[in-house]
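Participant: Just need the structure, nothing else, for what follows:
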Amino acid sequence: MRSVQRLPCLSITWSAGLGEFCWWQARHHAERTAAIGRCFVTSPAIERHRGTARGHHPSICGESIAMTTTASSEQVLARAARRAGLDLNNPEVIREGSHVIYRLGDIVARMGKPGSLENAERELRVSKWLNGSGIPTVAAVSELPQPIVVDDRPVTWWHLIPDHRPATPAELGATLRALHSLASPTDFELPSYDPFGDLRERLADAGAADDDDRMWLLTRYYELRQQYDKLPEPLRLSVIHGDAWQGNLVVPPSGIPTVLDLDKVSLGRPEWDLIQLAVDYTDFARVPEADYRSFVNAYGGYDVTTWLAFRLFADIQELRWVGFALGQAEASAAAAEQSKHRIECLRGEVTRPWRWEAL
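Facilitator: Numbers count the residues shown, from 1 in each chain. The predicted structure is shown next:
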């Protein structure tokens, strides 16, 4: 991980034109180079705080570590487990990404980024609400204190779903139909879905992309952003999962599809929950025709690939997948290679159907 202080980027709008965009690129590059030359050293924890909440979130379960250092995920887990009274007997890393997820016997520990306490608290509320609304969802361990905050990182505890498989397209379609029919919760607010999130920052700071690719990606970002902002307002917003794919709906031996990964549950256009499987079908040929039709039928007959804005949503989704790969590229040779390949695909150097390896 870099220990160099990152200077804030200058903001621009697409209407400023390509000339100003090029000037911003040159200035941004110069600032980053100057920062590296001066070797400003900063704590990664402090760096991650910038632009979000300042200082440590108060919490009755909170535990703070000096801000001059950042605890590793293993240290955070050990401290959180000790406060919860759990035995750390050979914890198993399930996944490292936007969250770090560990298995502790029949309990799963989910660790968020620094400053994400509010998100963790909302995930706990969403789980309880969805289960109470007839949508089977991963359940929090009610007997343990939730969440526990260590070094500004929230840790939540969940029941393990053993021996599960990914949902079929039909199971995913049926679950999304039920989810999208729900009225919004009344005892807490869901955020508005932002399909772009931190994508611009990921692209602008992508060290694995050369200057030409980075400029192309940012130009493409602003093109898609401008098109998206011009879409007419939808008649209504739905409760959406925000990252709906077969791996986030699992089926245990009971046969009951169960929803996972609740951090992006929000209010948004329901098409965002349909786009991932649709793109897998149209652009990657990863979903056979019969499976895709079963998805459409289970959802109620609506085929998002026939929608006028489908291509725009597909292009945004694929650019997000490139941004995800770039975010891992400095620490992973496989992600760096995937980033290069994915950029070549988006730039038209590889014909569809594409083949992108999972990261």
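Participant: Not counting the strand or helix carrying Ile275 itself, show me its contacts.
Facilitator: Using DSSP states H and E, the element containing Ile275 is helix 271-282. The contact list for helix 271-282 (C-beta atoms under 8 Å, 6 or more residues apart in numbering) reads 169, 172, 176, 179-180, 193, 195, 240-246, 286-287, 289, 292, 295, 299, 302-305, 307, 309-310, 313-314, 317-318. Heads up, the C-betas are built off the backbone N, CA and C, glycines and all.
Participant: Next step: the residues you listed restricted to helices.
Facilitator: When these are checked against helices (DSSP state H), the matches are 169, 172, 176, 179-180, 289, 292, 295, 299, 310, 313-314, 317-318.
Participant: Turn the residues you listed into CSV, columns for distance to Asp163.
Facilitator: CSV is the format used below for these (distance: C-beta to C-beta, whole Å):
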residue, distance to Asp163
Pro169, 21
Leu172, 19
Leu176, 24
Leu179, 24
His180, 29
Glu289, 30
Tyr292, 27
Phe295, 24
Tyr299, 27
Phe310, 36
Phe313, 34
Ala314, 34
Gln317, 31
Glu318, 33
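Participant: which residue is nearest the middle of the protein?
Facilitator: Ser98 (6.2 Å; C-alpha atoms, centre = their mean).
Participant: Check that residue and give its pLDDT.
Facilitator: Ser98 carries a pLDDT value of 81.
Participant: Val287 too?
Facilitator: Val287 is given a pLDDT of 97.
Participant: same check, this time on Leu18
Facilitator: Reported pLDDT for Leu18: 40.
Participant: ok, now Ala331?
Facilitator: pLDDT for Ala331: 89.
Participant: Look up phi and psi at it.
Facilitator: With angles defined as degrees, to the nearest 10, Ala331 sits at phi -110, psi 0.
Participant: all numbers from here: first residue = 53
Facilitator: Sure, I'll start numbering at 53, so the last one becomes Ala383.
Participant: one step back: now do the helix holding Ile327, average pLDDT.
Facilitator: In the prediction, helix 323-334 has an average pLDDT of 98.
Participant: Any buried residues in it, and which?
Facilitator: By 16 or more other C-beta atoms under 10 Å, the buried positions in helix 323-334 come out as 323-334.
Participant: Present these as a markdown table; the columns should include distance to Asp263.
Facilitator: Shown next, in a markdown table, are the buried residues of helix 323-334 (distance: C-beta to C-beta, whole Å):
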| residue | distance to Asp263 |
| --- | --- |
| Glu323 | 34 |
| Trp324 | 32 |
| Asp325 | 36 |
| Leu326 | 36 |
| Ile327 | 30 |
| Gln328 | 31 |
| Leu329 | 35 |
| Ala330 | 33 |
| Val331 | 28 |
| Asp332 | 31 |
| Tyr333 | 35 |
| Thr334 | 31 |
